[in-house]
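# Mind folding the following:
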Amino acid sequence: MHSSSYRYLDFVLVLLLVLLTANPYMAEKKIFFLAPLFILILFRIGNKLSYLYKINWKHSGIIFFVLGYELTHAIIFDNWNILNMFRITFEMYLVYLIIKIINIHFIKIYCSIIFYLAIISLVLYPLMYTYAGPVLMKYAENTFVMSISKLNYKAPTLIFYTFDWGYITKATNIYRNAGFTWEAGAFAIYLNIALIFKLFLDKSNKSLANKYNIVYIISIISTFSTTGYIVLFIILLAYLLHYKKKIFLKWSLLLIAIPLSYQIYYSAPFLQDKIDTQYKESVNGKSHNRFSSAILDINDVMKRPLLGWSRDTEILFGEEVTYKAHRPNGITNLLRCYGFIYFIFLFTLLYFSFYKLGKTSTIKSAPLFSMFFITVLLLSAFSQLVFDKPFFRSMVFWGDFMFLTSIPKGKFQQLRHKYKSHFRIIRSQ
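Okay, the predicted model is just below:
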């Protein structure tokens, strides 16, 4: 297959990985996309079928650990959903193949995809304030039909753009840019990850003021996401602290940024006021927001701390996902579902995956970069259920296949001998 065909297929594979994770319609119909995704992978590898079965002990161990956990929960709770177990394991295998095949090109492709999707969102977002908005929304409802949610979730989507369900259901009075995802806060997560890639892992990115970074930041601002803003501030602060050139400019920007951020936090109604309100509501038991969800989840975790209650909400709540069962804190939800054994295993893998990426980041300390990325991920997950989704599951494989992305040409030969297995993967394509 011609190299240009490889590039197009790689782009499609990463796009599908992102959309099957984040777009509400494609995530709901995900089971129907898994077989076509596997066929695309077969086209991509061509006659190199060894990609399918040559899996080292570490990666096969990760996949079988996920399957083993599902089997353990099935035995404990006598809940044998074989199709669901197969889907989860097959998903894990597919995301492994995608990262393995695309390896060092993943970051560049991901940044480009998020850049183009962000531009689409910035074009369509203002239309909601015109007569064209309701027309497009009606078209989306009739074209990409989703099942009726017991959570009153109604987010018409055009796949590449989703209309803000919070505004539609009058939950908020600000129309937020949800991009291609299920909710504006989720869109901010993907944008912030792309911004980290560009600022800390892309050596060609010489300035904060390049077109990718500007589009990402403007898009994050348009989400009006509390968590998204906090994470953006942390990313920009980390960038300024590690900015080596023009020291005077660096400290001038820091002196401006910190008090300005303080002022924005206390003046913007969706930041300090929202956090205070949600915290008070959680203490009074009036709402299942991110804070009350954490409190309720921790109480349940204490009853089954090691193995958790499984992904099936009916086991704990005796019903399907409703307002009673829906708890939107991604960190404590992970603990409640899987317990501390899975939690520690996952974050150990993530630490070493990000550690390898950090070897070539602009943050010179790989451990520091890894902890920085994990902090961003945990903050993002505080209000979004993300850890069970394919894109986020793929993160455990990132370091093993992507950490050479930003190596300067002068260091390439120097590291060739040390990381032989990775260079074999590169040469085989």
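
# Quickly note the distance from Met402 to Phe197.
10 Å (CB to CB, to the nearest Å). From N, CA and C alone the C-beta is placed, and that goes for glycine too.

# Which neighbours do those two have in common?
Here Met402 and Phe197 have Ile107 as joint contacts, going by CB atoms under 8 Å, 6 or more residues apart in numbering.

# so Thr172 sits in a strand?
No. Judged by DSSP: H, G, I helix; E, B strand; the rest coil, Thr172 forms no part of a strand; its state is coil.

# Show me the helices in the stretch 201-350 of the chain, by range?
All helices of the stretch 201-350 of the chain, identified by DSSP state H, counting those that start in this stretch, fall at 211-223, 226-241, 247-267, 274-284, 290-303, 313-317, 330-358.

# how about CSV for those helices, with mean neighbour count added?
Listed next are the helices of the stretch 201-350 of the chain as CSV, based on neighbours: other CB atoms under 10 Å:
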stretch, mean neighbour count
helix 211-223, 20
helix 226-241, 20
helix 247-267, 12
helix 274-284, 14
helix 290-303, 17
helix 313-317, 16
helix 330-358, 20
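
# Let's have the ones you listed in a markdown table, adding distance to Leu42 and mean pLDDT.
Formatted as a markdown table, those follow (distance: least, CB to CB, whole Å; pLDDT from 0 to 100):
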| stretch | distance to Leu42 | mean pLDDT |
| --- | --- | --- |
| helix 211-223 | 32 | 94 |
| helix 226-241 | 37 | 87 |
| helix 247-267 | 49 | 54 |
| helix 274-284 | 47 | 46 |
| helix 290-303 | 40 | 84 |
| helix 313-317 | 35 | 76 |
| helix 330-358 | 26 | 94 |
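
# quick one: contacts for the closest residue to Leu377 other than its chain neighbours?
Of all residues not flanking Leu377 in the chain, Leu350 sits nearest, at 7.3 Å (CB to CB, 6 or more residues apart in numbering). The contact partners of Leu350, taken as CB under 8 Å, 6+ apart, are 370, 373-374, 377, 395-396.

# And the pLDDT at Met427?
Check again: residue 427 is Arg, not Met. Listed pLDDT for Arg427 reads 39.

# where does the protein dip in pLDDT?
1-5, 148-154, 169-171, 243-289, 318-325, 403-429 (pLDDT under 70).

# quick one on the thing from earlier: can you lay out the helices of the stretch 201-350 of the chain as TSV showing distance to Val12?
Compiled in TSV, the helices of the stretch 201-350 of the chain are given as follows (distance: least, CB to CB, whole Å):
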stretch	distance to Val12
helix 211-223	21
helix 226-241	27
helix 247-267	39
helix 274-284	38
helix 290-303	34
helix 313-317	33
helix 330-358	24
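
# Tell me which of those sits nearest to Tyr131.
Shortest distance between Tyr131 and those, using CB to CB, is found for helix 211-223: 20.5 Å.

# For the closest one, name the packing helices and strands.
helix 106-124, helix 184-196, helix 226-241 (3 or more CB pairs under 8 Å, 6 or more residues apart in numbering; DSSP states H and E).

# same thing but at 6 Å, please
helix 106-124, helix 184-196 (3 or more CB pairs under 6 Å, 6 or more residues apart in numbering; DSSP states H and E).

# hey, which of those helices is tucked in deepest?
When those are scored by mean count of other CB atoms under 10 Å, the highest mean neighbour count falls to helix 184-196 (a mean of 27).

# Output it as CSV, nothing but the C-alphas.
Output of helix 184-196 as CSV, limited to C-alpha atoms (Å, rounded to 0.1, in the frame of the first residue of the first chain):
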residue,chain,number,x,y,z
ALA,A,184,-18.8,20.9,26.7
GLY,A,185,-16.7,19.7,29.6
ALA,A,186,-15.7,16.6,27.7
PHE,A,187,-14.7,18.7,24.7
ALA,A,188,-12.4,20.7,26.9
ILE,A,189,-10.6,17.5,28.0
TYR,A,190,-9.7,16.6,24.4
LEU,A,191,-8.6,20.1,23.6
ASN,A,192,-6.4,20.3,26.7
ILE,A,193,-4.8,17.0,25.9
ALA,A,194,-4.0,18.3,22.4
LEU,A,195,-2.6,21.5,23.9
ILE,A,196,-0.3,19.4,26.1
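
# which phi and psi does Arg46 have?
Slight slip there: residue 46 is Gly, not Arg. The phi and psi values for Gly46, taken as degrees, to the nearest 10, are phi 60, psi -120.

# Run the chain-centre distance for the helix or strand in which Asn84 is found.
Using DSSP states H and E, Asn84 maps to helix 82-102. Centroid separation between helix 82-102 and its chain, computed with CA atoms, centre = their mean, to the nearest Å, is 16 Å.

# which element is the spatially closest residue to Ile363 that is not a sequence neighbour on?
Nearest residue to Ile363, sequence neighbours excluded (CB to CB, 6+ apart): Phe369, at 4.3 Å. Following DSSP H and E, one finds Phe369 within helix 366-381.
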